[in-house]
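Q: Kindly return the folded structure for what I paste below:
(one chain, ligands or ions: 1)
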Amino acid sequence: MNKVIFIIGVSGSGKSTIGQLLADNLNSPFFDGDDFHPENNIKKMANGQPLNDDDRQDWLETLNELAKQQLANNSCVIVCSALKQKYRDILNRDIESKTKWVHLSGTFNQISKRLQSREGHFMPSELLKSQFDILESPKEAIQIDISLTPENIVKSIKHELMNTSEFGLFGLGVMGKSLCRNLANNGFKISMFNRHVEGTEEDIAKNFKAQYPELSQAEAFDDISAFVKSLQQPRCIMLMVNAGKTIDYVIEDLLPHLSVNDIIIDGGNSNYKKTKERNAYLKTKGIHFIGTGVSGGEEGALKGPSVMPSGDKDTYKKIAPFLEKISAKDKNNLPCCTYVGPEGSGHFIKMVHNGVEYVEMQLLAEVATILEALGQNPDEIANTLETWKNAANSYLLEITTAIFRKKEGKDWLVHKILDKAENKGTGNWTTIASAELGVPSTLIASALFSRYISFYKEERVELNKNLKKENVSELNLTSNEILEAYQFARIISHYQGFKLISEASNTFLWHLNLSEIARIWTNGCIIRSTLIEELVEVFKHTTNILTSPKLIERVNQYIPSAKKVVSEGVLNDITTPALGEALQFFYGITTQYASANIIQAQRDYFGAHTYQRLKDDSEKSYHTNWN
Ligand code: 6PG
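A: All right, here's what the predicted structure looks like:
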């Protein structure tokens, strides 16, 4: 990655000498900031007048422009006193993640002596003193002791810049490994860490590095201190470890080795509330924290996942070049990675993504069951799903089609898989979050509970004996009707998922951009689909997809099929909880006068909980003596 190296320090710290030497060494262009002063400044300085902040403004902006121009082609070295943070902010503008700061630091006496010994150079000691007074030591700079020889100074700067990694990846499970290869394939110099556990996890990082040629420049560690030391400061360390307590243990293990302003990125499926807590905790230690959803499984992580980072925006800017480079690209070639919002909003939307993923998977399982009941074998089911691609393509539809084609021996593999669906907890959290926020994500709950029901295998077999009446009428459905019911339920599911995001955004004041969220889900992630692509545009005009004229038209078109498929399913003892729930939810959300009046009356009857009346805008509460 091209970089601008700013060498800063008070007069006499040796900036120009070191800058020039370093630039020669790196084979990069060298610029002395003093050569870029506007005429007015030159005149002022010639008259011995000090420059004020206004005088410096244009000059610093010119240097910022110069840095940007250089970055387009290569790295460069720029020297400039840049004693105050606000000066450095101007130099840094829009290129934060591509600048490196080197502070040549020495004591007042050291520099004063040095200046006195310089031939033909005179600087009153008050002027030097005033420079020390205004110097705000840059926290993020590589600090170099000027008592070293120039050669050794250049050596140590080079060591910091070149011989250390730009990015650290902690935890080499399936996703961690794929992300390492992705980062390396994109030209980043990385360090990789995996713990050492005698007998079970030995030399994981070393062996992994040896396995892939793209990792030849990567460094492999099983010692935390050496891993952290190998990283350029401020360090960027991405954790790819199991969500939950492990994240906290890892953070505690890392903390003693970190420096102020280092950045930890949690790329696991962490709970969004925990992400907020960790963010606040690490702030007290001076460490920045970004929680990011990463979707796409092993292959996505390797070739380009969808990335959903949240936390402090300035911190995001520093890691954006890495995350945006390794992420999938949308159809306009923009990264499927965007700053989502503050706190744990990135992990929140990843959680909802997974909830929608559960529903998409469940719906495909249900339609396949119906197709099977119509007499189709797995190959025929795959053929039917294949024909749906034009109308309803998605990654999950594609993989499900492939799954139905897979044979093992003479039989299809799906016939041999135990019918108990597991989960790692994100669907559970989505359901809990929905309940907590008062949002009816009924399809996610339904898909989750279907997995739970599947787990009662032994009980299901037992109860089937006594309770299931095989009272089957003739199943009368076309493939197109099933497709339309499926499409209908998917629209309702996406409505619910985005509703949950939108309500969370309002409650937590996250100001999330639904269109951008849909956009970063158009590629790389598990729920990418043509429907999500459509939603990018829809969310530019509304936060409620059921108000989009195009979607209203489609929903109206699909309702008859949805009704028919669900009722035929009921009549034929086919369990279709998600398809059925989509219809029930649709009835609920479109009902003008709901049965909730009866619930209110019941509550008032037994608990004097009161109720409000129709045609009474006063919001007055009524209680009736029902006896
Ligand atoms: C993704 C997936 C990924 C993982 C799920 C599996 O977006 O890449 O969602 O995060 O496959 O966590 O979840 P369950 O084990 O709960 O099905």
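Q: can you tell me how far residue 53 sits from residue 366?
A: 67 Å (Cβ to Cβ, to the nearest Å). Glycine gets a C-beta too; all of them are placed from N, C-alpha and C.
Q: swap that for residue 251, sorry
A: If you measure residue 251 against residue 366 using Cβ to Cβ, the figure is 41 Å.
Q: repeat for residue 483
A: Taken as Cβ to Cβ, the span from residue 483 to residue 366 is 13 Å.
Q: In terms of neighbours, single out the busier of these two.
A: Set residue 483 next to residue 366 and count neighbours by other Cβ atoms under 10 Å: residue 366 wins out with 26 against 20.
Q: What's opposite the closest residue to residue 160 other than its chain neighbours in the beta bridge?
A: Beyond its immediate neighbours in the sequence, the residue positioned closest to residue 160 (Cβ to Cβ, 6 or more residues apart in numbering) is residue 142, lying 4.7 Å away. The partner list for residue 142 in beta bridges (DSSP bridges) reads residue 102.
Q: cool, and residue 293?
A: residue 308.
Q: thinking it is in contact with residue 323, fair?
A: No: counting by Cβ atoms under 8 Å, residue 293 does not reach residue 323; the two are 11.2 Å apart.
Q: Let me see the contact set for whichever residue of the chain sits closest to the ligand.
A: Minimum separation of the chain from the ligand (Cβ to the nearest ligand atom) falls at residue 295, amounting to 3.1 Å. By Cβ atoms under 8 Å, 6 or more residues apart in numbering, the residues touching residue 295 are 305-306, 308, 350, 353, 521, 524-527.
Q: swap the cut-off to 7 Å and go again
A: Applying Cβ atoms under 7 Å, 6 or more residues apart in numbering to residue 295 gives the contacts 305-306, 350, 353, 524-526.
Q: Phi first, then psi, for it.
A: Listed backbone geometry of residue 295 is phi -120, psi 150, with angles given as degrees, to the nearest 10.
Q: returning to what we had before: any shared contact partners between residue 483 and residue 366?
A: Shared contacts of residue 483 and residue 366 (Cβ under 7 Å, 6+ apart): none.
Q: on that earlier part again, please say which of residue 293 and residue 323 ends up with more neighbours.
A: Neighbours were counted for residue 293 and for residue 323 using other Cβ under 10 Å; residue 293 has more, 32 against 26.
Q: you'd agree the more buried one is up against residue 354?
A: No: applying Cβ atoms under 7 Å as the test, residue 293 and residue 354 come out as separate, 8.7 Å apart.
Q: buried ones in stretch 129-149?
A: 131, 135, 138, 140-142, 144, 146 (16 or more other Cβ atoms under 10 Å).
Q: Now intersect the residues you listed with the strands, please.
A: Secondary structure defined by DSSP state E assigns 142, 144 of the buried residues of stretch 129-149 to strands.
Q: Can you give me the first-to-last residue distance of stretch 213-223?
A: The first and last residues of stretch 213-223 sit 23 Å apart, counting by Cα to Cα, to the nearest Å.
Q: That's all I had, so thanks and see you.
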